[in-house]
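>>> here you go, sequence then predicted model.
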Amino acid sequence: GWTNIFLPADLPKDKDGLWKAAEERAKADKVAEAKAIFELYEANFPDDPRAPQALVEVGKMLERTGDIDGAIRAYQSVYERHEKTPEAPAATFRIAELLIQKQNCERAKAIFKIVETTAAFKGTQQAIDAKNRGKTVMGECKK
């Protein structure tokens, strides 16, 4: 499942330049390059406030291209590496929504429970919504 992407030699080394390069590639629909640059950004600047957003952008791009499993992995990385950030509740909630699309409702229900009960997510709209969605998710897969 690995893809080789050769990044330009003149890719900026500073975080603002790297972020801009990723956004430009994403806007130009160069998904593989944008994904690689966003991942490079997160790896090089994991404590930067935009680091979790870089992984969210990867997830969104993968969703648009139909790579649902890849998107789930990207959003899971937000949860695993940036659990206490504002992006984590929405990314984790999105995992459950994508699992419903895949008709994996048992797992989706478990993810909604994680969103509902994770201390770092307490009080977020996603935690509130997850409580309600967890109650109805099984009916959605039986359609």
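Received it, and whenever you're ready, just let me know what you need. Numbering: from 1, shown residues only.
>>> buried set for stretch 13-33?
18-19, 21-22, 25-26, 30-31, 33 (16 or more other C-beta atoms under 10 Å). Heads up, the C-betas are built off the backbone N, CA and C, glycines and all.
>>> now it: mean pLDDT?
Average pLDDT, stretch 13-33: 94.
>>> longest helix in the chain, please.
Counting by DSSP state H, the longest helix found in the chain is helix 125-141.
>>> hmm, back to that, just the buried residues of stretch 13-33 now: which is nearest Leu11?
Ala21 (6.0 Å; C-beta to C-beta).
>>> that closest one against Lys13, yeah?
No. Ala21 is not in contact with Lys13 according to C-beta atoms under 8 Å; the separation is 10.6 Å.
>>> look up how far Val56 lies from Asp69.
Relative to Val56, Asp69 is positioned 17 Å away (C-beta to C-beta, to the nearest Å).
>>> can you map out the strands along this structure?
Along the chain, no stretch is classed among the strands by DSSP state E.
>>> pLDDT weak spots in it?
1-6, 142-143 (pLDDT under 70).
>>> residue closest to the middle of it?
Centroid check for the chain by C-alpha atoms, centre = their mean gives Tyr75 as the closest residue, at 2.6 Å.
>>> tell me the contacts of that one?
Going by C-beta atoms under 8 Å, 6 or more residues apart in numbering, Tyr75 touches 55-56, 59, 91-92, 94-95, 98.
>>> just the ones of the residues you listed in helices?
Reading helices off these with DSSP H, I get 55-56, 59, 91-92, 94-95, 98.
>>> make a markdown table out of the residues you listed and add distance to Gly139 and neighbour count.
Output for the ones in helices among the contacts of Tyr75, formatted as a markdown table (distance: C-beta to C-beta, whole Å; neighbours: other C-beta atoms under 10 Å):
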| residue | distance to Gly139 | neighbour count |
| --- | --- | --- |
| Leu55 | 31 | 26 |
| Val56 | 28 | 24 |
| Gly59 | 26 | 27 |
| Ala91 | 24 | 26 |
| Thr92 | 21 | 25 |
| Arg94 | 20 | 22 |
| Ile95 | 19 | 23 |
| Leu98 | 18 | 20 |
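>>> could you export the residues you listed as CSV, including distance to Val115?
Below are those laid out as CSV (distance: C-beta to C-beta, whole Å):
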residue, distance to Val115
Leu55, 17
Val56, 15
Gly59, 15
Ala91, 10
Thr92, 5
Arg94, 10
Ile95, 9
Leu98, 13
